[in-house]
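Novice: Need coordinates for the following:
(chains A, B, C and D)
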Number of protein chains: 2
Amino acid sequence: MENEVKKMNQHWTDIYYHLHYPHDEKITHQVIRILQHVQKQPNVGVNDIADYINVSQNTASEHVKRMIDKALLKKSRSQSDERKVILCLTEKGEEVLFRNTSLDEEKLNHIFKSLNTEEKELITEAFEILGERSKQCLSP
Amino acid sequence: MENEVKKMNQHWTDIYYHLHYPHDEKITHQVIRILQHVQKQPNVGVNDIADYINVSQNTASEHVKRMIDKALLKKSRSQSDERKVILCLTEKGEEVLFRNTSLDEEKLNHIFKSLNTEEKELITEAFEILGERSKQCLSP
DNA sequence: AAGATTATATCGTTATTTACGATGTATTAT
DNA sequence: ATAATACATCGTAAATAACGATATAATCTT
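Specialist: Numbering: from 1, shown residues only, chains lettered A, B, ... in the order given. Below you'll find the model as predicted:
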């Protein structure tokens, strides 16, 4: 059981290493993590980011500012509370996040073409199950 | 088919978002990528890194220097050619890479416990297949 | 053996990033 | 009216990242 998990992680990192996009942009982990958080959680504000990446509020604010300057994020205010900022990804933000966390669709397609129907179904279903179950874990 | 791939990427990012370790260290993408490359490829030297992350040779050399200072990498020289540096990960390097690219074993274990035997086998096999096939793609 | 090539290292420099404490400014709550 | 909340900005400090130029040592070529 323990072992299954370790092997799976082995495959997980192999898959990412071989199938990720060539990420040529110079981007930090913090920025990626902010993009992820904004994409996956609703109504993320500056303080949520500070908590999530574990920095002070002003630092988070500056991250957000820089990311808006780079057109990765858009900012609006909550209707119910005008103090609160609501962030969302710009198209560019989506794209940068995609290129830095997803698998290369071309390569994936290539692999899928080499699989038989049974294997394809197997993989599709495995990811469906794991994707759903992961959401039920406590959010990070 | 195209659609299968897109859905899979959706699950891929969901899984990572929900199951990654809380990475508290401030680390750049470049450093992670260097760690990955050194771990997954044999006999990586300074120039290999420069090519891989697309920077000039001196920049790569300085990355390596900083990473050695931080005890993420170890350096030795090739026996057959004393000019060539051979890099490998220190234990700390392995650990940092693990915490920044793998899935949280505890969370994975928790999920595995909630799966029935059939689902477990499904997932295990899916990752085995995908892990193997990904290695046959052209290396990045 | 001299010169060229290769692999890496170092230096000087520049720009950007990252983070924090302190302080300021709206907006909402009491 | 005052306090609390959510965010923004300023000043500052340290680290990072990148490059061109130059240096060094090992290996290859002729």
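
Novice: The nearest residue to A:Lys40 once chain neighbours are set aside: helix or strand, and which one exactly?
Specialist: Nearest in space to A:Lys40, with sequence neighbours left out and distances taken as C-beta to C-beta, 6 or more residues apart in numbering or on different chains, is B:Tyr17 at 4.9 Å. (C-beta placed from N, C-alpha, C; glycine too.) Using DSSP states H and E, B:Tyr17 maps to helix B:2-19.

Novice: Longest helix in chain A, by number of residues?
Specialist: If you go by DSSP state H, chain A has its longest helix at helix A:117-136.

Novice: Show me what whichever helix or strand comes after the helix holding B:Tyr17 packs onto, helices and strands only.
Specialist: Sequence order places helix B:29-40 as the next helix or strand after helix B:2-19, per DSSP H and E. In terms of contacts (3 or more C-beta pairs under 8 Å, 6 or more residues apart in numbering or on different chains; DSSP states H and E), helix B:29-40 is packed against helix A:2-19, helix A:29-40, helix B:46-53, helix B:57-69, strand B:73-77, strand B:85-89, helix B:91-101.

Novice: Quickly compare the ones you listed and say which is most buried.
Specialist: helix A:29-40 (a mean of 21; mean count of other C-beta atoms under 10 Å in any protein chain shown).

Novice: Mind checking if it is in reach of DNA strand C?
Specialist: Yes. Using C-beta under 7 Å from any atom of the strand, a contact is recorded between helix A:29-40 and DNA strand C, made by A:30-31.

Novice: still on that earlier bit, do you know how far the residue nearest to A:Lys40 is from A:Lys75?
Specialist: For B:Tyr17, the distance to A:Lys75 equals 22 Å [C-beta to C-beta, to the nearest Å].

Novice: now the angle between helix A:117-136 and the helix holding B:Tyr17, please.
Specialist: Helix B:2-19 runs at 30 degrees relative to helix A:117-136, counting by axes from the mean of the first three to the mean of the last three C-alpha atoms, to 10 degrees.

Novice: Check which helices and strands helix B:2-19 is in contact with.
Specialist: Short answer (3+ C-beta pairs under 8 Å, 6+ apart): helix B:2-19 packs on helix A:29-40, helix A:91-101, helix A:105-114, helix A:117-136, helix B:105-114.

Novice: If we use 10 Å, what do you get?
Specialist: Applying 3 or more C-beta pairs under 10 Å, 6 or more residues apart in numbering or on different chains; DSSP states H and E, one finds that helix B:2-19 makes contact with helix A:2-19, helix A:29-40, helix A:91-101, helix A:105-114, helix A:117-136, helix B:105-114.

Novice: quick one: average pLDDT of it?
Specialist: Averaged over helix B:2-19, pLDDT sits at 95.

Novice: who are the neighbours in contact with the residue nearest to A:Lys40?
Specialist: Counting by C-beta atoms under 10 Å, 6 or more residues apart in numbering or on different chains, B:Tyr17 touches A:33, A:36-37, A:39-41, A:101, A:134-135, A:139-140.

Novice: which two in those residues are spaced the farthest apart?
Specialist: The distance between the two most remote of these (C-beta to C-beta) is 17.9 Å, for A:Arg33 and A:Lys135.

Novice: about what we covered before: redo the helices and strands packed on helix B:2-19 as CSV? Include distance to DNA strand D.
Specialist: Shown next, in CSV, are these (distance: least, C-beta to the nearest atom of the strand, whole Å):
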stretch, distance to DNA strand D
helix A:2-19, 19
helix A:29-40, 9
helix A:91-101, 14
helix A:105-114, 24
helix A:117-136, 24
helix B:105-114, 27
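
Novice: Tabulate those (JSON lines), appending distance to A:Val64.
Specialist: Output for the helices and strands packed on helix B:2-19, formatted as JSON lines (distance: least, C-beta to C-beta, whole Å):
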{"stretch": "helix A:2-19", "distance to A:Val64": "27"}
{"stretch": "helix A:29-40", "distance to A:Val64": "8"}
{"stretch": "helix A:91-101", "distance to A:Val64": "12"}
{"stretch": "helix A:105-114", "distance to A:Val64": "29"}
{"stretch": "helix A:117-136", "distance to A:Val64": "26"}
{"stretch": "helix B:105-114", "distance to A:Val64": "28"}
